[in-house]
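Trainee: Need a 3D model of the following:
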Amino acid sequence: MQYAEALDYLYSRLPVFHRIGPKALKPGLGNTLALCDAMGNPHRRFRSIHVAGTNGKGSSSHMLAAIYQSAGYRVGLYTSPHLKSFTERIRLNGQPMAEEAVAHFVTTYQTLIESIEPSFFEVTVAMAFDYFARQQVDLAIIETGLGGRLDSTNVIIPEASLITNIAFDHTDILGDTLPQIAAEKAGIIKAGVPVVVGESNPVTALVFSHTAEVLHAPLSFADVRYTVQDNGVQAGKREVLVKRPEEKEEQVYQLDLVGSYQLKNLPAVLAIVDILQPLWPVPAEARRNGLAKVSELTGLKGRFQTLQTTPMVIADTAHNEAGLAALLETIAPFSYRMLRIILGLVADKDRSRLLDSLPQQAVYYFCQAQTPRSLSADLLQTEAAHANRIGAAFPDVNVALTAALADASPDDLILVTGSNYTIAELTNL
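Mentor: Residues are numbered from 1 along each chain as shown. Predicted coordinates for the structure are as follows:
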């Protein structure tokens, strides 16, 4: 089986969340455990860090990978969804898994897959674990897909767990209150394993504290452990000063991920590195170098990524109310004549609050990704008009961007956002 055949097999035979939404989910860890058991339990043959959270878990995972790569470790990185190529989901020191390796895995385990009938995500997780075990990684950074407790990745026993934050997203699956969502994310906490929560919130802190106490898992809240000062963006990097209360000196970091929301991700990432220092020592210079070159070292795209400068075009994968609020906070200091927002959403979101959170004083270009989960541009245009967000509808993101560029003055700002799948289809990403 060649790569194209293997990919077609995975997409056509298995239920895929990013195409059909919640109907693709197969709750529970049974299928993943069955796959891993038949493969010799690869998830037990490498050490890992487990990352969950509503927003920021992808950026945090890539930051951790970049830091440990800079320190000379052999680092596996599993994230989802991908933007351009399926192989982006499974990386070794920043390099995507070879297409031939994907084809070999599917060919080898086709009979097993058909006997268990797992989801697309369950197979992908098993593939990543098998790859990392075979590649004998020093550590693997494993990002959850959705939630935590019942997420397929939750079969691992990591060296540390990271939960970035809790906000409203996938409420039809994870619950419609923050404590309910926090309880699902807290499901990655393991007995005796240190856990870092990036953002403390009185509404959810008790959930994490209770779970950690029951499991005797050392718990840290990163925004309590560190103070962060933002010095703004200079020469394409965001300068950040970080200090722990017990230390006299501040640490200065130049982040190539310049979104202001990275100020909330950074303390949690540093906390994980501090906690695991006895296991995987990281010199201060490796931290600085890794954080300055995350995109270069790990291939991360779509996080406040500048596509061009005149007019300024920025692509960001923000896809829920909290994520879009953080994106708008990042552009608040910017000077521009007109804000133009290219927006494409998936259909299984609570769109009313999301649309209300967007600025009225902007010109909108509504589009849709070429996936069954995508909300039609015409329906999005209609719903946005009811919220007094006015714009035209376009069949895809590239047509919308062409129209926005044609309308724009050199000093306008164009944001492309709303969905991973919208960003993925940009031709010049």
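
Trainee: domain ranges for this protein?
Mentor: Annotated domains of the chain cover 3-298, 305-424 [automatic domain parsing].

Trainee: Scan the helices and strands of this protein for the one with the lowest mean pLDDT.
Mentor: helix 17-20 (a mean of 43; mean pLDDT, DSSP states H and E).

Trainee: Residue 157 contacts residue 193, correct?
Mentor: Yes - if you go by Cβ atoms under 8 Å, residue 157 and residue 193 touch, sitting 6.9 Å apart. In short, each C-beta sits where N, CA and C put it, glycine included.

Trainee: For the two, indicate the residue with more neighbours.
Mentor: residue 193 (18 against 15; other Cβ atoms under 10 Å).

Trainee: Residue 229 versus the more buried one, what's the distance?
Mentor: Per Cβ to Cβ, to the nearest Å, residue 193 is found 31 Å from residue 229.

Trainee: Please export the alpha-carbon coordinates of stretch 107-125; CSV is fine.
Mentor: Provided in CSV are the C-alpha atoms of stretch 107-125 (Å, rounded to 0.1, in the frame of the first residue of the first chain):
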residue,chain,number,x,y,z
THR,A,107,-0.4,-2.0,5.6
THR,A,108,1.1,-3.9,8.6
TYR,A,109,-1.9,-3.3,10.8
GLN,A,110,-4.8,-3.3,8.3
THR,A,111,-6.3,-6.6,9.6
LEU,A,112,-6.0,-5.4,13.2
ILE,A,113,-7.7,-2.1,12.3
GLU,A,114,-10.6,-3.9,10.6
SER,A,115,-11.0,-6.3,13.5
ILE,A,116,-11.2,-3.5,16.2
GLU,A,117,-13.0,-0.9,14.1
PRO,A,118,-11.4,2.1,15.8
SER,A,119,-11.9,5.8,14.9
PHE,A,120,-9.4,7.7,12.7
PHE,A,121,-8.0,9.5,15.8
GLU,A,122,-7.5,6.2,17.7
VAL,A,123,-5.5,4.8,14.8
THR,A,124,-3.5,8.0,14.5
VAL,A,125,-2.6,7.9,18.3
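
Trainee: Pretty sure residue 5 sits against residue 103.
Mentor: Yes - Residue 5 lies in contact with residue 103 (Cβ under 8 Å); the separation is 7.3 Å.

Trainee: the more surrounded of those two?
Mentor: Neighbour count, other Cβ under 10 Å: between residue 5 and residue 103, residue 103 has more, with 18 against 12.

Trainee: what packs against the strand or helix carrying the more buried one?
Mentor: Here residue 103, judged by DSSP states H and E, is contained in helix 99-116. Contact partners of helix 99-116 among helices and strands, from 3 or more Cβ pairs under 8 Å, 6 or more residues apart in numbering; DSSP states H and E: helix 3-13, helix 30-38, helix 120-134.

Trainee: Deepest-packed of those, please.
Mentor: Across the helices and strands packed on helix 99-116, averaging neighbours per residue (mean count of other Cβ atoms under 10 Å) puts helix 120-134 on top, at a mean of 25.

Trainee: Contact partners for the closest residue to residue 159 other than its chain neighbours?
Mentor: Excluding its sequence neighbours, the residue lying closest to residue 159 (Cβ to Cβ, 6 or more residues apart in numbering) is residue 47, at 5.4 Å. Residue 47 is in contact with 138, 139, 140, 158, 159, 279, counting by Cβ atoms under 8 Å, 6 or more residues apart in numbering.

Trainee: at 10 Å instead, please
Mentor: 76, 132, 137-140, 156-160, 276, 279-280 (Cβ atoms under 10 Å, 6 or more residues apart in numbering).

Trainee: Now which of the residues you listed would you call buried?
Mentor: 76, 132, 137, 139, 140, 156, 158, 159, 160, 276, 280 (16 or more other Cβ atoms under 10 Å).

Trainee: Which of the three states applies to the fifth one?
Mentor: To tie it back to what came earlier, the one meant is residue 140. Following DSSP: H, G, I helix; E, B strand; the rest coil, the label given to residue 140 is strand.
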